[in-house]
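Chemist: mind looking at a prediction? Sequence and model below.
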Amino acid sequence: MELDAIKALIRDVPDFPEPGIVFKDITPVLADPIAFSTITDLIVVHFGRGNIDKVVGIEARGFILASPVAYHFGAGFVPIRKLGKLPWKTVGEEYDLEYGTATLELHRDAVAPGERVLIVDDVLATGGTAAAAASLIEQIGGKVAGISCMIELDFLHGRDKLPGYDIFSLLHY
């Protein structure tokens, strides 16, 4: 499936979750088996089988995209969650969103020192979420092999907060 056809499936939802925000709804892409598998395959091909030990998905839509990517890599899946959602000992990182602040947490034992980790999320906006995830992985000894997002909102310049990382975004707005 062509990326333009996948992009056509994404719908804009104005004023969600706050007035002035145009939310990119990816649920029609996830519901389309060819579009969903194309997204998964393109991420795996970009980073290459055998090069990733763990795939981190960022709550919540990042979980949906990261899980099949991990499966295709033969890698483990690790969730990064919002503050207070993980049941074990964690490390945390506060970050800025395009519409506020939040804290992400990761289990302290989720990634072994030296493991190659791919971060997967649905949207790269201001870069705060991805930067926080990368920091958490590095705090516990993992090596960030790359960051992959289905959508990148270029006008927010999130990439600028992520110098030195291999960033792979499929769709640009």
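Modeler: Noted; the coordinates are in hand.
Chemist: so which strand or helix has the residue nearest the centre of the chain?
Modeler: What sits nearest the mean C-alpha location of the chain, by CA atoms, centre = their mean, is residue 121, with 1.7 Å. Using DSSP states H and E, residue 121 maps to strand 116-124.
Chemist: who are the packing partners of the helix or strand following that strand?
Modeler: For strand 116-124, the following helix or strand on the C-terminal side (DSSP H and E) is helix 128-139. Judged by 3 or more CB pairs under 8 Å, 6 or more residues apart in numbering; DSSP states H and E, the packing partners of helix 128-139 are strand 54-58, strand 90-97, strand 100-107, strand 116-124, strand 143-152. Placement of C-beta: from N, CA and C, glycine included.
Chemist: at 6 Å instead, please
Modeler: Using 3 or more CB pairs under 6 Å, 6 or more residues apart in numbering; DSSP states H and E, the elements in contact with helix 128-139 are strand 90-97, strand 143-152.
Chemist: could I get the ones you listed as TSV with mean pLDDT, distance to residue 33 and mean neighbour count?
Modeler: Output for the helices and strands packed on helix 128-139, formatted as TSV (pLDDT from 0 to 100; distance: least, CB to CB, whole Å; neighbours: other CB atoms under 10 Å):
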stretch	mean pLDDT	distance to residue 33	mean neighbour count
strand 90-97	91	31	16
strand 143-152	98	16	22
